[in-house]
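1. need a structure here:
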Amino acid sequence: MIPLASPTRRRLLAAAALAAIAPRAALSAAATIAGAPPAWSLRDLAALSPSSRLVEPSGDKTGHADTLALQASLDRGGITLLTPRGRYHLRNRLSLTHDASGLACPGAMADIVMLTGPGQFDLASYIPSEQFGEHHVGIYAWSAARPILDGLRLTMQGAAGPRVAIPFALRSCSDLRIGRLEYSGFRETWRGMLSLDSCQGGRVDNVYCHDCNPDTDTLPSLQVSAVVVDENRVNGVSSRDIHFGLVRYSNLLLGPRALARYAPQSDAVTVMSDGGGGLVFDLITGDGVGEVLDCWGDGVTARIKARNTQLYPVKLIYGAQHCRIVADIDRTGLSAVYLSGNADIPGRRSGGVAHNQVRVTATNVGALHAEVARVWRPMPPMQPGVYLDNPLRAHLPEDNHISGSLFGAPGAGMPYVAAAPASGPGNVIELSGGGYVQAFAAPTGAFRTPATIRRL
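-> Model (predicted):
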């Protein structure tokens, strides 16, 4: 860490660092990860947290020096400025301990490696006492107002065996100020790679998660998600009113051993709120994932553009209500839109998937079916474009409106545009495209109300 010996020197260094920051709209595509300029600049953040200091990489690849220097700066509050020159090495978790504080790299991206050797991020399985602990999370914020993260590129060091770790977790925080985050190389995760629990308000502007490919079969369960909201809520409180700009993903696919045991358990975005509301995703986009949006919560608004989804690109389950989804889909393994009946779940309110609106355009539905089935398990070769499933559950989908256009893959299987064996009252499905309309009956007593299915 560079010492700041006098107030004059402190002001000069801070001014020089901030002067190097161009407005976000002028940054290059590489600097903004996916080419979309974030909505706020470090000039704004400097007004919110005028205290700042620069910490440069030490060159110590054991991670001792970088971890100590960065944590010491965070403990002083304000913005810890990083540099794109060189690489930082982390042995253990960094914790944001003050309001309006965090880590930011002026202009470009700072490279940070999470080390996986003994005593570092070395968890080989799920240990409850280590959840969100020193060996599990790279950068952590707890109960902080206005946590700041921007211009950070985190990768996980390779390891011979499983390493259960995630790059970011923010819990019970408010007024999030998250800009450009990129993370890759994470394999066996426990919670989402960007994990937000019980957070209230703020922005997450530009996230890119890529090349996370677990291939172990030794863990009790496995799920890889680029962004997860409320998987581990604090005192049962759900997150609300968070605006996500661009969420981009690429190659979040399990290897063959993991796929055979756990199924295609990877999501771009998982929302597990119990109620909640006001989560807005301007665009979730990418290529190569198990499911794009796995949504349990209320009031989620999302636009999706996705290719090569092994299971369902749009999945509403476990009581998701009042969501509005617009999706542009190409190449799936199963249905383009999936709504599920659900039983009561301990610790969650009682209710079904209801009052949602989905507008979908999908092509090549079922194109990935054969390759997924070959590695995972046999599945019916013909998949509906829209599917309302699990008719024996206590709560069936009701009062949902799904519209759009769907076409199956040539020579693959989408024999009907929609099927609704699990339909409560008020479901309306209006679709154009290839295939027959089929609303087939479920076992006796379960098929309560046929959905209204119109082929346009």
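
2. hey, where'd the helices end up in this protein?
-> 7-19, 42-48, 64-75, 256-262, 369-375 (DSSP state H).

3. chain center to the third one, what's the gap?
-> This means helix 64-75. In this view, helix 64-75 has its centroid 28 Å away from the chain centroid, taken as CA atoms, centre = their mean, to the nearest Å.

4. Now do the same for the closest residue in space to Leu431 that isn't next to it in sequence: its pLDDT.
-> Using CB to CB, 6 or more residues apart in numbering and skipping residues adjacent in sequence, the residue nearest Leu431 is Val417, 4.5 Å away. (C-beta placed from N, C-alpha, C; glycine too.) pLDDT, Val417: 76.

5. what's around Val417, how many residues?
-> Residues lying near Val417 (other CB atoms under 10 Å) number 30.

6. I figured it hits Gly404, correct?
-> No - using CB atoms under 8 Å, Val417 makes no contact with Gly404, being 9.5 Å away.

7. Ends of stretch 169-177, what's the gap?
-> Length of stretch 169-177, first residue to last, CA to CA, to the nearest Å: 13 Å.

8. Would you mind grabbing the residues shared as contacts by Val417 and Gly404?
-> Counting by CB atoms under 8 Å, 6 or more residues apart in numbering, the common neighbours of Val417 and Gly404 are 431-432.

9. quick one on the thing from earlier: weakest of the helices of the chain in terms of mean pLDDT?
-> Taking the mean pLDDT of the helices of the chain, helix 7-19 comes last: a mean of 40.

10. who touches stretch 65-74?
-> 1, 53, 55, 57-60, 80, 88-92, 94-98, 101-103.

11. can we see that at 10 Å?
-> For stretch 65-74, the surrounding residues in contact (CB atoms under 10 Å, 6 or more residues apart in numbering) are 1-2, 52-60, 79-82, 86-98, 101-103, 112-113, 115, 120, 139, 141.

12. Which members of the residues you listed are classed as buried?
-> Buried members of the contacts of stretch 65-74, counted by 16 or more other CB atoms under 10 Å: 1, 52-55, 57-58, 79-82, 88-94, 96, 98, 101-103, 112-113, 115, 120, 139, 141.

13. can you pull out the strands in the stretch 51-200 of the chain?
-> Ranges of strands in the stretch 51-200 of the chain, per DSSP state E, counting those that start in this stretch, are 52-54, 79-81, 87-90, 94-96, 102-104, 110-114, 137-142, 148-150, 152-156, 166-171, 174-184, 194-197, 200-210.

14. measure stretch 144-161 end to end?
-> First-to-last distance for stretch 144-161 - CA to CA - comes to 34 Å.

15. Report the distance from that stretch to the chain centre.
-> 14 Å.

16. Pull out the buried residues from it.
-> Residues of stretch 144-161 classed as buried: 144-157, 159 (neighbour count, 16+ other CB under 10 Å).

17. where does the stretch 351-456 of the chain dip in pLDDT?
-> Low-confidence segments of the stretch 351-456 of the chain (pLDDT under 70): 380-382, 411-416, 434-450, 455-456.

18. show me where it has strands.
-> For the stretch 351-456 of the chain, the strands defined by DSSP E, counting those that start in this stretch occupy 357-365, 386-389, 401-408, 416-419, 428-433, 436-437, 452-455.

19. which helices and strands does the third one pack with?
-> Under the contact definition 3 or more CB pairs under 10 Å, 6 or more residues apart in numbering; DSSP states H and E, strand 401-408 sits against strand 324-332, strand 337-340, strand 357-365, strand 386-389, strand 416-419, strand 428-433, strand 452-455.

20. Check which strands are paired with the second one and give the direction for each one.
-> What it means is strand 337-340. strand 314-316 (parallel), strand 386-389 (parallel) (DSSP bridges).

21. Counting neighbours, what do you get for the residue lying closest to Ala422 once chain neighbours are set aside?
-> In this structure, Ala422 finds its nearest non-sequential neighbour in Pro391, 3.9 Å apart by CB to CB, 6+ apart. Using other CB under 10 Å, Pro391 has 19 other residues around it.

22. Beta-bridge partners for Gln357, please?
-> Arg324, His401.

23. Please renumber the chain so that the first residue is 52 from this point on.
-> Got it, first residue is 52 now, which makes that one Gln408.

24. Could I get the contacting residues of it?
-> Residues in contact with Gln408, defined by CB under 10 Å, 6+ apart, are 352, 373-377, 451-454.

25. cool, and His149?
-> 100, 102, 125-129, 192, 195-198.

26. please redo it, this time with the cut-off set to 8 Å
-> Counting by CB under 8 Å, 6+ apart, His149 has contacts 125-129, 195.
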